[in-house]
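Novice: Using only what follows, build the 3D model:
(chains A, B, C and D)
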Protein chains: 4
Amino acid sequence: MLLETTKATVGVAGASGYAGGELMRLLAGHPRLAVGAATREPGELAGCDVCVLALPHGASAPLALELEAAGTRVVDMSRDLRGAWIYGLPELHRDRVAGAATVANPGCYATAALLALAPLVESGQVCGTIVVDGKSGVSGAGKAPAEATHLCVAGEGITAYAPIDHPHQAEIERELSGLAGTPVPVTFTPHLAPFSRGLLVTAYAPLAGELDQAAAAELYAERYAGEPFVALVEQPRTQRVRGANVCQIAVHVDTRRRMAVVVAALDNLVKGAAGQAIQNVNLMLGLDEDCGLPVEGLWP
Amino acid sequence: MLLETTKATVGVAGASGYAGGELMRLLAGHPRLAVGAATREPGELAGCDVCVLALPHGASAPLALELEAAGTRVVDMSRDLRGAWIYGLPELHRDRVAGAATVANPGCYATAALLALAPLVESGQVCGTIVVDGKSGVSGAGKAPAEATHLCVAGEGITAYAPIDHPHQAEIERELSGLAGTPVPVTFTPHLAPFSRGLLVTAYAPLAGELDQAAAAELYAERYAGEPFVALVEQPRTQRVRGANVCQIAVHVDTRRRMAVVVAALDNLVKGAAGQAIQNVNLMLGLDEDCGLPVEGLWP
Amino acid sequence: MLLETTKATVGVAGASGYAGGELMRLLAGHPRLAVGAATREPGELAGCDVCVLALPHGASAPLALELEAAGTRVVDMSRDLRGAWIYGLPELHRDRVAGAATVANPGCYATAALLALAPLVESGQVCGTIVVDGKSGVSGAGKAPAEATHLCVAGEGITAYAPIDHPHQAEIERELSGLAGTPVPVTFTPHLAPFSRGLLVTAYAPLAGELDQAAAAELYAERYAGEPFVALVEQPRTQRVRGANVCQIAVHVDTRRRMAVVVAALDNLVKGAAGQAIQNVNLMLGLDEDCGLPVEGLWP
Amino acid sequence: MLLETTKATVGVAGASGYAGGELMRLLAGHPRLAVGAATREPGELAGCDVCVLALPHGASAPLALELEAAGTRVVDMSRDLRGAWIYGLPELHRDRVAGAATVANPGCYATAALLALAPLVESGQVCGTIVVDGKSGVSGAGKAPAEATHLCVAGEGITAYAPIDHPHQAEIERELSGLAGTPVPVTFTPHLAPFSRGLLVTAYAPLAGELDQAAAAELYAERYAGEPFVALVEQPRTQRVRGANVCQIAVHVDTRRRMAVVVAALDNLVKGAAGQAIQNVNLMLGLDEDCGLPVEGLWP
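Specialist: Numbering: from 1, shown residues only, chains lettered A, B, ... in the order given. Sure thing, here's the model as predicted:
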């Protein structure tokens, strides 16, 4: 446990990207954490109390493993070590994260999908293939200019991309299967929507039994009671979580067709990336889990 | 059959709304049709060769029925008479529309969903509940100011609305069940996306058999061969159909999970409303079906 | 004069860009023009009745001059030959365009600024430096991906660029000075606004005398009487000219400060580029000036 | 001076509006201020250490004057008492605000225009009419649904409104004239741009003498040295100040036309409203002026 009067140091690799920049912003307002180094130099990073890596997929693992070998705590935001390291979704794996030295931060789509579906899957309510339809703003594509992110291409309309076999599909399936104790097939299609920040997932889960709306609402209320970063609301809306480390969720049951429709909204750069990384760091260092993390977004 | 040198007259009710305005714009460029009256007065409308009603749901039926009683051809764009009148989706019901005196124009979401799913459902490839996830621009909500359409509420993010039992759900189910000859359950959730025009539907259809990607592509290519207003493309994108009477479609098969993912994009005010109405009028009057209808949208 | 039953052929160089694509779209709907070639090959282009070049600044002049030497009529949309060739703003130079073999199409900002200011400047109402504040959508920057056109950079906000000495500044000054018969200084600052199409110019002209609102309105009404592509409206709005070859204009007079404030809106790809090019072609070939040019835009 | 360990109480009237909501958000993160009451009841408000009124123009003055009469410190965010109370733009009137019991918070456009122009006007560099061209997001129009704020009307384009005699024009003139010690005429035209938050002002000031770019840059650097909430940057951009209490400014000189072009960007709800109100409260209560005020915005 850290003394109240000190700040732990955080090494940041990849501060110039969108997620890394958000990490810097959140750390600047954190009362118990300070940036110890912003660099990709392992030597400089290894001296920090914990490192957070905001590097591109593929470029992250070598540095992450080097820091692990040096005995430094690491949260890796890429997908390189998901499946290998502790999966840093605290609402599902809080105890393991708290004791972990190395944590793989979940993907933004996976965070929303898993928080949307966990109560149903954990309680055995789902049978059959789950459909996850994701809609993300353009910041999820990173800052490198490309045809797909040109305002004239991405603006004022919507498109689907990677309709089959997006990497988050396997991540969602793996985690849901772990929760269920049995394979859970998931079809996932992401869409690029014309705004900068925010992500909405609409998950369609075929129900095994007679769950009705009231029981579903009760299930979610109990599962997420006391969770500081999950908000059960009537109508999740990405506009209401901008800059906040919050996932808004609403569950609906189409009883005639035995289908649960769960909608989840979050800020892909905060609860979907940098905010969740800090949530993991807080747990790893024994700080209050919600320390320094905003729950009110900019509105409008 | 009209003589080449004359123009048939079209009576328009509701020209001040978004769909009605689009109808006026398309009629202004139509070589064989001219606006005969723009009014809600039955007497004035009854003298036209055909009337198109762009009135709010509920307000349309009385006028529509009065014109029918007077022996006037009518295309009604509201949902009031869907199920009662010939369903005006020419790609599914061309012959019936051609001989009809009264036609109910389909809803915008239903048009996209039905064109996306018809080849699979007609050929018996689907078993189980189909998920239809819709994303529409704000013009679909009409021009009346409301909190939900305020730029600060609807802009720069996305939300789901009416997650269960949207009226288009029943419309889609009814039509698909008719195509299949057996009840086809559909779960449909629409979303409000931050742009003005355009609509994208992502349909997830569980497959009965071993359909693979190549066979699915072949199925769609054959079904829509020669259709002037269906375009099979790699990546449907609402930005590419702005102002055009076209539905772009792509079919993908997730063979491991036996799920077809079909994406369809159209302009909700054109192929989803006014353009389709003119397509129906063309058929009803014996004109070329594609007469006066643009297939190239504004880009960018 | 062409026979009514034939179509003149237009050679297009640069059809893959935004302005070139718009040119192709407009030509596809033109009753008296057809695309004869879409290429940069001088040999192929020279056989057409007229060529329109939609090439980048700098790349255009060599081809333009080669075609001129071959005796082919040319409209060049780059700024390479503005000042050298007839300046193709028909509302100012209709007679010269009608007799010209080679025409330089005006810049988009210049078109709006000149149409906004011509009535005041021609009539000697202005004294002192005119301020022109321009706001353009992102399509004006072309289709090449760049940091400045990334949706996360250009979206959801506004910025000024090139606050001094933008190339259109000299173009506006040169033309206004020609109209006035005396040098007219202009300060011009363009802004990048978060939409795809459209351009709005707000021009502030210090008045020499006691012009009041009624006299200014009269001046504009007389100057633009009968012009098919200038619309005097209460509130110019880029959203109302999308896809149309129209410049909306409103003049306001701040009598206490002796300042005219003129607002002009157009579609930068149509009246600001491809539509105006066709307007020039129509004149050069002796067709009706408004032939094939839409005056109603998509709305909303 | 407040003791370090206590929080002063702030009464908030109008918390349900956009500016009032932003005030609540900022107060929630303020280490020395707490919301004492959120109500329009004078009795409840009068017990707070200071009140901030975020009420509509016209509705604010009666409550403001009643609280003043009761001896309560007040910051009024409406325009009702501008000209009567101390004008709360700390960068211009810091000392007077620090000693004031009642402060009128400036308008959002006026804040940007005055910070953009103060260095030039105070130093006597300007002669003639200044042009101020403003571009604001839609949140400045408030949350009440209206045709003008409908996404289909306000989105994807830009328009000018109130081209003459907007109330901020008089406010800007009055303050600049006070700084100059002589009347300074200003023509101001605001525009509605298609985003939610943010405001950019482009000010064109005719120069009396030979000020060049280097001297202008020096003038601004000296004038704003040490100001925590004014940032001199190369390219002000509303996207970079979202949620921050910062005004970004850049000065350019068009020496040939003797015109200074000054661009200023701020978040209309923060430095243009709620953040500036807290800045004033901090001064009035003897707190550090920058206490609890973010200077880094959300990006992207």
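
Novice: Can you tell me how far the residue of chain A most remote from its centre is from chain D?
Specialist: Distance from the C-alpha centroid of chain A peaks at residue A:256, with 32.2 Å (CA atoms, centre = their mean). Between residue A:256 and chain D the computed distance is 33 Å (CB to the nearest CB, to the nearest Å). (Glycine included, C-beta is placed from N, CA and C.)

Novice: same thing with residue A:33?
Specialist: Per CB to the nearest CB, residue A:33 is found 16 Å from chain D.

Novice: which ones are touching that residue?
Specialist: For residue A:33, the contacting residues are A:7-10, A:27, A:278, A:281, A:287, A:291-292, by CB atoms under 8 Å, 6 or more residues apart in numbering or on different chains.

Novice: near chain B, which residues of the stretch 51-200 of chain A?
Specialist: A:128-129, A:131, A:133, A:135, A:137, A:152-153, A:155-161, A:163-165, A:185-187, A:189, A:191, A:193-196, A:198, A:200 (CB under 8 Å from any CB of the partner chain).

Novice: ok, back up a step: show me what contacts the residue farthest from the centre of chain A?
Specialist: residue B:185.

Novice: any idea of the pLDDT on it?
Specialist: Note for residue A:256: predicted pLDDT of 94.

Novice: and it, helix, strand or coil?
Specialist: coil (DSSP: H, G, I helix; E, B strand; the rest coil).

Novice: Helices along the stretch 101-250 of chain A, start to end?
Specialist: A:108-122, A:151-154, A:167-180, A:213-223 (DSSP state H, counting those that start in this stretch).

Novice: so which of those gets nearest residue D:211?
Specialist: helix A:151-154 (36.2 Å; CB to CB).

Novice: is chain D contacted by that closest one?
Specialist: No. Using CB under 8 Å from any CB, helix A:151-154 stays clear of chain D, with a minimum separation of 11.0 Å.

Novice: how deep is the closest residue to residue A:46 other than its chain neighbours tucked in, by neighbour count?
Specialist: Spatial nearest neighbour of residue A:46, excluding adjacent residues (CB to CB, 6 or more residues apart in numbering or on different chains): residue A:70 at 4.5 Å. Other residues lying near residue A:70 total 14 when counted by other CB atoms under 10 Å in any protein chain shown.

Novice: returning to what we had before: redo the helices of the stretch 101-250 of chain A as TSV? Include distance to chain C, mean pLDDT and mean neighbour count.
Specialist: Output for these, formatted as TSV (distance: least, CB to the nearest CB, whole Å; pLDDT from 0 to 100; neighbours: other CB atoms under 10 Å in any protein chain shown):
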stretch	distance to chain C	mean pLDDT	mean neighbour count
helix A:108-122	15	98	27
helix A:151-154	4	98	26
helix A:167-180	20	96	20
helix A:213-223	32	98	15
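
Novice: so who does the residue of the stretch 1-150 of chain A found nearest chain C touch?
Specialist: Among the residues of the stretch 1-150 of chain A, residue A:145 lies closest to chain C, at 3.9 Å counting by CB to the nearest CB. Residues near residue A:145 by CB under 8 Å, 6+ apart: C:145-147, C:149-150.

Novice: Report the spatially nearest residue to it, omitting neighbours in sequence.
Specialist: residue C:145 (3.9 Å).

Novice: ok, the one you found to chain D distance?
Specialist: On the measure of CB to the nearest CB, residue C:145 and chain D end up 16 Å apart.

Novice: now swap in residue A:107 and tell me
Specialist: Counting by CB to the nearest CB, the gap from residue A:107 to chain D is 19 Å.

Novice: That residue touches residue A:79, doesn't it?
Specialist: Yes. With contacts counted by CB atoms under 8 Å, residue A:107 reaches residue A:79, the gap being 6.1 Å.

Novice: shared neighbours of those two, anything?
Specialist: A:167, A:171.

Novice: Output the below-cut-off pLDDT ranges for the stretch 51-200 of chain A.
Specialist: Nowhere does the stretch 51-200 of chain A drop to pLDDT under 70.

Novice: cutoff 90 now
Specialist: A:162-167 (pLDDT under 90).

Novice: Which residues of it lie near chain D?
Specialist: Residues of the stretch 51-200 of chain A lying near chain D (CB under 8 Å from any CB): A:139, A:143, A:156, A:196-197.

Novice: ok, now how distant is residue A:49 from residue A:35?
Specialist: 11 Å (CB to CB, to the nearest Å).

Novice: tell me, what's touching the two both at once?
Specialist: A:9-10.

Novice: just to revisit the earlier point, who has more neighbours out of residue A:107 and residue A:79?
Specialist: residue A:107 (24 against 20).

Novice: Please give me every residue in contact with that one.
Specialist: Contacts of residue A:107 by CB under 8 Å, 6+ apart are A:79, A:82, A:167-168, A:171, A:272.

Novice: Kindly report the same for residue A:109.
Specialist: With CB under 8 Å, 6+ apart, residue A:109 has these contacts: A:132, A:134, A:136, A:166, A:168, A:172, A:188, A:190, A:199, A:201, A:272.

Novice: For those, could you give me JSON lines that also reports distance to residue C:16?
Specialist: Shown next, in JSON lines, are the contacts of residue A:109 (distance: CB to CB, whole Å):
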{"residue": "A:132", "distance to residue C:16": "37"}
{"residue": "A:134", "distance to residue C:16": "32"}
{"residue": "A:136", "distance to residue C:16": "29"}
{"residue": "A:166", "distance to residue C:16": "30"}
{"residue": "A:168", "distance to residue C:16": "34"}
{"residue": "A:172", "distance to residue C:16": "39"}
{"residue": "A:188", "distance to residue C:16": "34"}
{"residue": "A:190", "distance to residue C:16": "28"}
{"residue": "A:199", "distance to residue C:16": "33"}
{"residue": "A:201", "distance to residue C:16": "37"}
{"residue": "A:272", "distance to residue C:16": "36"}
